[in-house]
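S.K.: Okay, sequence plus prediction incoming.
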Amino acid sequence: MTEKTHHCPICHKVFTHRCAKKGHANPCPVHTSSYVRPGNECVSCHEAEVREANKASKSKK
C-alpha cells in the first residue's frame, strides 16, 4: 500500500505515518515507499518470488 492511495487496513482511515507509528502497517524493508499489514508481505516482493518460482520451474522442463 502506498501512503497516498490506500486506507489503513486496521482503522480504515486515510493512511498516514501515524498509522505506521501505531503498528497498523510496517514499511517493506526492500521497497521503502510501500507499507504492509503486519504478518503480510509486500506485493512487489511477493510477485518477484512468484516470477522466480515460475522461472525455476520452466528451467527444469
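M.R.: Cool, the structure landed.

S.K.: and Ile10, what is it in contact with?
M.R.: Neighbour list for Ile10: Cys19, Lys22, His24, Ala25, Arg37 [criterion: C-beta atoms under 8 Å, 6 or more residues apart in numbering]. (Glycine included, C-beta is placed from N, CA and C.)

S.K.: show me the contacts for the fourth one.
M.R.: Same thing as Ala25. If you count contacts by C-beta under 8 Å, 6+ apart, Ala25 has them with Met1, Cys8, Pro9, Ile10, Phe15, Cys19, Tyr35, Val36, Arg37, Pro38.

S.K.: what do you get if the cut-off is 7 Å, keeping everything else the same?
M.R.: Met1, Cys8, Pro9, Phe15, Cys19, Tyr35, Val36, Arg37 (C-beta atoms under 7 Å, 6 or more residues apart in numbering).

S.K.: Near the fourth one, how many other residues are there?
M.R.: Spelled out, it's Phe15. 22 (other C-beta atoms under 10 Å).

S.K.: Identify the residue spatially nearest to Pro27, adjacent ones excluded.
M.R.: Nearest non-adjacent residue to Pro27, counting by C-beta to C-beta, 6 or more residues apart in numbering: Tyr35, 5.5 Å away.

S.K.: Just to be sure, the one you found is in a strand?
M.R.: Yes - assessed with DSSP: H, G, I helix; E, B strand; the rest coil, Tyr35 lies in a strand.

S.K.: Helix, strand, or coil at Lys58?
M.R.: What three-state DSSP gives for Lys58 is helix.

S.K.: re earlier: so of the contacts of Ile10, which two are at opposite extremes in space?
M.R.: Pairwise distances across these peak at 12.4 Å for Lys22 and Arg37 (criterion: C-beta to C-beta).

S.K.: any idea how far the most centrally placed residue in the chain is from Pro29?
M.R.: By C-alpha atoms, centre = their mean, the chain has its centre lying nearest to Cys42, at 2.2 Å. Distance from Cys42 to Pro29, counting by C-beta to C-beta, to the nearest Å: 9 Å.

S.K.: ok, now Cys19?
M.R.: Separation of Cys19 from Pro29 (C-beta to C-beta) stands at 18 Å.
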